[in-house]
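In: Prediction below, plus the sequence it came from.
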Amino acid sequence: MKRLLTNIGILGGVETQSRLRVQGAEMAEFSVVSDAYLCIEDGRITAFGPMSELSIETENPEEIIDLHGRCVFPSWCDPHTHIVYAGSREGEFVDKIRGLSYEEIARRGGGILNSADLLHTMSEDDLYKQAYCRAEEVMRKGTGCIEIKSGYGLNLHDELKMLRVIRRLRDNLPMRVVSTFLGAHAVGRQYSHEEYVRLIIEEMIPEVGRQQLADYIDVFCDKGFFTPKETAEMLETGAKWGMRPKIHAEELAASGGVRVGVDHNALSVDHLESMDVAGIEVLRGSETMPTVLPGTSFFLNMPWAPARKMIEAGLGIAVASDYNPGSTPSGDMKFVVSLACIKLRLLPEEALNAATLNSAYAMGLSADYGSIAVGKVANFFVTPPIPSLAFIPYAYTTPLIEQVWLRGECV
Ligand code: NIG
Ligand code: FE
């Protein structure tokens, strides 16, 4: 089916030569065409440009959709979420208001372990239904590609259960879903730390690999969780099973996560709220995308990742929601873009690149997603007529996502 969208007020995130990521000063370039058309066929973008250059005879569409000045942007790509979880943890939210820190809650056996207890008793179907609702909500908010992690199972049986739920979401949603094995999120209650690390390396990774349930491997490499040495061993085992690293690094301390990630050719290192300048130097010249999660700093009242410093050092950055029950129960990428501008001091263009092209890169999808380019999958959202790009992060609670198009269909 060939469709032509006409009279687009602003067509944002266009690329004539498509790139896999943008870095440093390029991050401030988010190209637009004003008064534009967009042609899509069989789920892919086939042409775009100014209305003045449109020849309907050449395009010969089966359907013409007049957008009357509405604007079109590439769908958000969210490269770090934990949306498969059971129940909720608003009790800890109140504990934090009363003064407990995220680490104290974890030390008292709460946090991730609370979610693991709830997940253990929930059926696979109910887990799927809860996760499906969250996925559907973020899709309506404009997310077109999403990474989802395991990590609330913390034993072989429940980690596999989570990964099967992620596979079912992938098979049933029009969003593009990628899957990450995060057995090393915390130590399961029935194991000692050492026992659990051996279980991950000797049983969990091989079984996940044999069943091909994960594209990537993650480790919570941080103070109080897993050390860089343990992380290295887990990542090396993951690599043998074809899982490239995307790791949690330097959220709670500058504890060596960036170094171990880059040394193992991680696709991304995520969080970085406690990263120092040494970490920036390690990332320079690497293939690893630093991915920052401003929703987590907001929700936990934690330091903000040094995003501005990274861009000024020539790095590209991505943003993600980190949607999870403990440190940020929201997957609203438009709000993440606003936080990136307001709190990380990114320009609107930089924040939009961080939430589209660079975040597609951070899940290995930027050849096919993350911008409006000929040949890419037709994933985009439509907003009402807006005065400029900057209006998107500026209008920080206005629901601007009016229509969602995925794989060339309005969903
Ligand atoms: O990315 N930092 C580690 N893991 C999650 C939080 C998980 C939870 O608290 O349930 C995060 O913030
Ligand atoms: Fe996370």
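Out: All right, it came through fine. If you're wondering where the values come from, they're calculated on a predicted model, not measured in any experiment. Ligands and ions are numbered 1, 2, ... in the order given.
In: Show me which residues of this protein sit near ligand 1.
Out: Residues of the chain lying close to ligand 1 (CB under 6 Å from any ligand atom) are 82, 111-112, 115, 220, 248, 251, 296, 322, 324-327. No exception for glycine: its C-beta is placed from N, CA and C like everyone else's.
In: Show me what residue of the stretch 201-350 of the chain gets nearest to ligand 1.
Out: Gly326 (2.2 Å; CB to the nearest ligand atom).
In: Confirm for me that that residue is in contact with Arg89.
Out: Yes: using CB atoms under 8 Å, Gly326 is in contact with Arg89, at 5.5 Å.
In: Now list whatever residues contact both of those two.
Out: Gly111, Ser115 (CB atoms under 8 Å, 6 or more residues apart in numbering).
In: you'd agree Leu267 is up against Gly364?
Out: Yes: taking CB under 8 Å as the definition, Leu267 is a contact partner of Gly364 at 5.9 Å.
In: what about those two, which has more around it?
Out: The neighbour count for Leu267 versus Gly364, taken as other CB atoms under 10 Å, is higher for Leu267 (22 against 19).
In: Can you classify the residue of the stretch 201-350 of the chain closest to ligand 1 by secondary structure?
Out: Following DSSP: H, G, I helix; E, B strand; the rest coil, we place Gly326 in the coil state.
In: Would you mind measuring from it to Gly87?
Out: 12 Å (CB to CB, to the nearest Å).
In: which neighbours do the two share?
Out: Counting by CB under 8 Å, 6+ apart, the residues touching both Gly326 and Gly87 are Ser115.
In: For Gly326 and Arg89, work out which one has more neighbours and name it.
Out: Neighbours were counted for Gly326 and for Arg89 using other CB under 10 Å; Gly326 has more, 25 against 21.
In: dump the residue contacts of the more buried one.
Out: Arg89, Glu92, Tyr102, Ile105, Gly111, Ile112, Ser115.
In: quick one: contacts for the fourth one?
Out: Just to be clear, that refers to Ile105. Glu92, Asp95, Lys96, Gly111, Gly326.
In: neighbours of the fourth one, just the number please.
Out: Other residues within reach of Gly111 by the criterion other CB under 10 Å amount to 21.
In: these two touch, right, Pro290 and Met310?
Out: Yes: in terms of CB under 8 Å, Pro290 counts as a neighbour of Met310; the distance is 5.8 Å.
In: Neighbour count for the two, which is higher?
Out: The neighbour count for Pro290 versus Met310, taken as other CB under 10 Å, is higher for Pro290 (31 against 25).
In: nearest residue to the more buried one other than its sequence neighbours?
Out: Nearest residue to Pro290 in three dimensions, chain neighbours excluded: Ile317, at 5.1 Å (CB to CB, 6 or more residues apart in numbering).
In: which helices and strands sit right next to the helix or strand encompassing Val94?
Out: Taking DSSP states H and E as the definition, Val94 sits inside helix 90-97. Secondary-structure packing of helix 90-97 (3 or more CB pairs under 8 Å, 6 or more residues apart in numbering; DSSP states H and E): helix 102-107.
In: Give me the mean pLDDT for stretch 369-379.
Out: Summarised as a single mean, pLDDT over stretch 369-379 is 98.
In: Figure out the length between the terminal residues of that stretch.
Out: 7 Å (CA to CA, to the nearest Å).
In: Tell me who's in contact with Gly9.
Out: Ser34, Asp35, Leu67, Gly69, Arg70, Cys71, Pro385, Ile386.
In: The last one and Ile10, how far apart?
Out: According to CB to CB, Ile386 and Ile10 sit 7 Å apart.
In: again with Thr397
Out: Thr397 sits 21 Å away from Ile10, going by CB to CB.
In: And the two? Which one has more around it.
Out: Taking other CB under 10 Å, Thr397 and Ile10 do not tie; Ile10 has more neighbours (22 against 9).
In: least confident pick among the contacts of Gly326?
Out: Tyr102 (76).
In: phi, psi of Thr288?
Out: Dihedral pair for Thr288: phi -90, psi 130, per degrees, to the nearest 10.
In: go on, Thr180?
Out: Taking degrees, to the nearest 10 as the convention, Thr180 sits at phi -130, psi 130.
In: now Arg259
Out: Torsion angles, degrees, to the nearest 10, at Arg259: phi -60, psi -50.
In: That one touches Val282, doesn't it?
Out: Yes: the pair Arg259 and Val282 qualifies as a contact (CB under 8 Å) at a distance of 5.4 Å.
In: ok, now how distant is Tyr152 from Asp322?
Out: 14 Å.
In: low-scoring stretches of the stretch 101-250 of the chain, by residue?
Out: Across the stretch 101-250 of the chain, nothing is flagged by pLDDT under 70.
In: what sits opposite Trp405 in the beta ladder?
Out: Beta bridges link Trp405 to Phe380, Cys410, judged by DSSP bridges.
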